[in-house]
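Colleague: What shape does this take:
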Amino acid sequence: MTPAPWTPLSGATHAVALEVLLHGPLSRSELARRLDLSAGSLTRLAKPLLDSGLLVESGTGQEPRAGQASRAGHESRAGRPTRPLDVVADAHHFIGVKITHEDAHAVLTTLRAEVVASARADLPGRDPASVVAVVRSLVAALVAELAPKAPHITAAGVSLGGRVADRGTVVEAPFLEWDDAVPLGAVLSDALGIPTAVDNDLLALTRAEHWFGAARGRDRFAVLTVGAGIGYGLVVHDRVVDSPDAGVGLLGHFPLDPLGPLCPRGHRGCATAMLSMASVSAAASVGLRREVGYDECLDLAAAGDPVARPLVMASGRALGRLIAAVANLTLTTEIVLTGEGVRLAEVAREALRDGLAYDRDPRAAAVSLDVRPVDFALWARGAAVTAIQAYVLGS
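Modeller: So this is what the prediction gives:
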C-alpha cells in the first residue's frame, strides 16, 4: 500500500499534520489548544488527513479531569473517551548517511527519525565517485535487510563537514579535500532513484535535536561539538539558524587563551588550538617527547600525569569559556555538547566549570549542559532528519 503523501498540504492543514508528527499522539482538545483552533475547525482540518491515512486515531485515551479541564475543552466536559491523533511513523522510511574523512555511517529511520537499522563502510577514496559508490552500497544493504518491513524509501539525506548550498551542492569539504563545487545531491538522487538532500553535518545534527531529540520543544538552544574541529549549531525562535557561512568553522577560531598554542592558521589560543583533538595530541606529544594520541592524553591526565594533566585542564577551562561565550552571545542557557573529543568535558569537569564561571556573570541564569557521548549513528540520524524535513516541509 502506498503511504499517504505529505504533499500537497498547506496552511492550517499542514500545521495540524506537523504538530501531530512532532508532538503526537495528541488528543483533539490538546491539538486545538496548541494551534489556537476551535473544535469545529480542527474537525474540519483533520478529516481529510484521517481520510487519506496520513493521520490515524491511535489507542483510546480519557481526557484530563479536574485541574486539567481548561486544556481538555468540550471533550472532557462531556466525559467521553477520545482517540488521540497520531501519524503512522513507519509508513515512511528515510536513509541518513554521515560522511567522514575515512568512512560512512548510515541509518534507516521512520518518519519520526527512530533508527530501525544501521551500517557503516570505509571510504575507498575521498573523491566524489568513491563517496557516491559507498552511499549506494550502504543504502542497498539497508534496504535489503529491511525489505519486508520497509519496502518503500521516501527520501535520503547525506551530511558532511563543509559548506553546502541549497541542500544539494557541496561548495567545499576540507576533510574530503573537495575544493570545487560538487552537485552531490543531484548525483545521488539519480544514483539512488529517490530525492536526496545534502546538508552540513552540524546543521543536520541541530535539526535532529530540534525536531526529535532531547531539545525538542525548546525554542532556543545551541549544539557545540569538539573533535577534529569545533562545530556549532543554533536554534532561535524555534528555527535552526542557517547561513551560507555554515560549515566555514567560524567558531573554531574564537579566541580563548592569549598564552595558548598556535592553530594551523597562526591564531594563538583559539578554540581550534585549545580544543581540537589534533592540537591536544600535538601538545602532549611535545611535552612527553613521544607520539601521544588524544585518548591516551586524557587517560594520562586522569591519572595525574604531571605533563598531560595541566595541558588537559587548560583545554577544559578553554571549553568552559567557549560554552560561556556561546551562552552570553546567543542568550541561550541550553547547550548540547558532543563530538569525538567530548570526553574532555568529563576528564576536565572542574576546569570546565571554572572556565564557564569565569566568563559568565553570576547574576545570569545557569547554563544547562547536556553532554552526549559521540555516536556516529546520531550524526547519520541528523542526515535522515534533513531528508524528513525536506519531504515534510516541501523544501
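Colleague: Low-confidence bits of the protein, can you list those?
Modeller: Low-confidence segments of the chain, defined by pLDDT under 70: 1-3, 8, 59-81, 149-151.
Colleague: State which helix of it is the longest.
Modeller: Ranked by number of residues, the top helix in the chain under DSSP state H is helix 308-330.
Colleague: Could you find the closest non-adjacent residue to V236?
Modeller: Of all residues not flanking V236 in the chain, R220 sits nearest, at 5.5 Å (Cβ to Cβ, 6 or more residues apart in numbering). Backbone N, C-alpha and C define where each C-beta goes, glycine included.
Colleague: Am I right that that neighbour is in contact with V240?
Modeller: No. Between R220 and V240 there is no contact under Cβ atoms under 8 Å: 11.3 Å.
Colleague: coming back round to it: with just CA atoms, put the longest helix of the chain into CSV.
Modeller: Taking Å, rounded to 0.1, in the frame of the first residue of the first chain, the C-alpha atoms of helix 308-330 are listed here in CSV:
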residue,chain,number,x,y,z
ALA,A,308,49.3,15.8,30.5
ARG,A,309,47.2,16.9,33.4
PRO,A,310,47.9,20.7,33.3
LEU,A,311,47.6,20.6,29.5
VAL,A,312,44.1,18.9,29.6
MET,A,313,43.0,21.2,32.4
ALA,A,314,43.9,24.2,30.3
SER,A,315,41.8,22.7,27.5
GLY,A,316,38.9,22.0,29.8
ARG,A,317,39.0,25.6,31.1
ALA,A,318,39.0,26.8,27.5
LEU,A,319,36.0,24.7,26.7
GLY,A,320,34.2,26.2,29.7
ARG,A,321,35.0,29.7,28.4
LEU,A,322,33.7,28.7,24.9
ILE,A,323,30.5,27.5,26.4
ALA,A,324,30.1,30.7,28.3
ALA,A,325,30.7,32.7,25.1
VAL,A,326,28.0,30.8,23.2
ALA,A,327,25.6,31.3,26.1
ASN,A,328,26.4,35.0,26.5
LEU,A,329,26.3,35.9,22.8
THR,A,330,23.2,34.0,21.9
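Colleague: ok now that helix, how far from the chain's centre?
Modeller: Computed by Cα atoms, centre = their mean, to the nearest Å, the chain-centroid distance of helix 308-330 equals 22 Å.
Colleague: What angle do helix 308-330 and whichever helix or strand comes after it make with each other?
Modeller: Downstream of helix 308-330, the first helix or strand assigned by DSSP states H and E is strand 334-338. Per axes from the mean of the first three to the mean of the last three Cα atoms, to 10 degrees, the angle that strand 334-338 makes with helix 308-330 is 140 degrees.
Colleague: Adjacent strands (with direction) for strand 334-338?
Modeller: If you go by DSSP bridges, strand 334-338 pairs up with strand 221-226 (parallel), strand 368-371 (parallel).
Colleague: any residues touching the shortest one, and which ones?
Modeller: With contacts defined as Cβ atoms under 8 Å, 6 or more residues apart in numbering, strand 368-371 is touched by 214-215, 323, 333-338, 342, 345-346.
Colleague: and what of stretch 249-256?
Modeller: With contact meaning Cβ under 8 Å, 6+ apart, stretch 249-256 is reached by 224, 229-232, 263, 265, 267-272, 274-276, 318, 321-322, 325-326.
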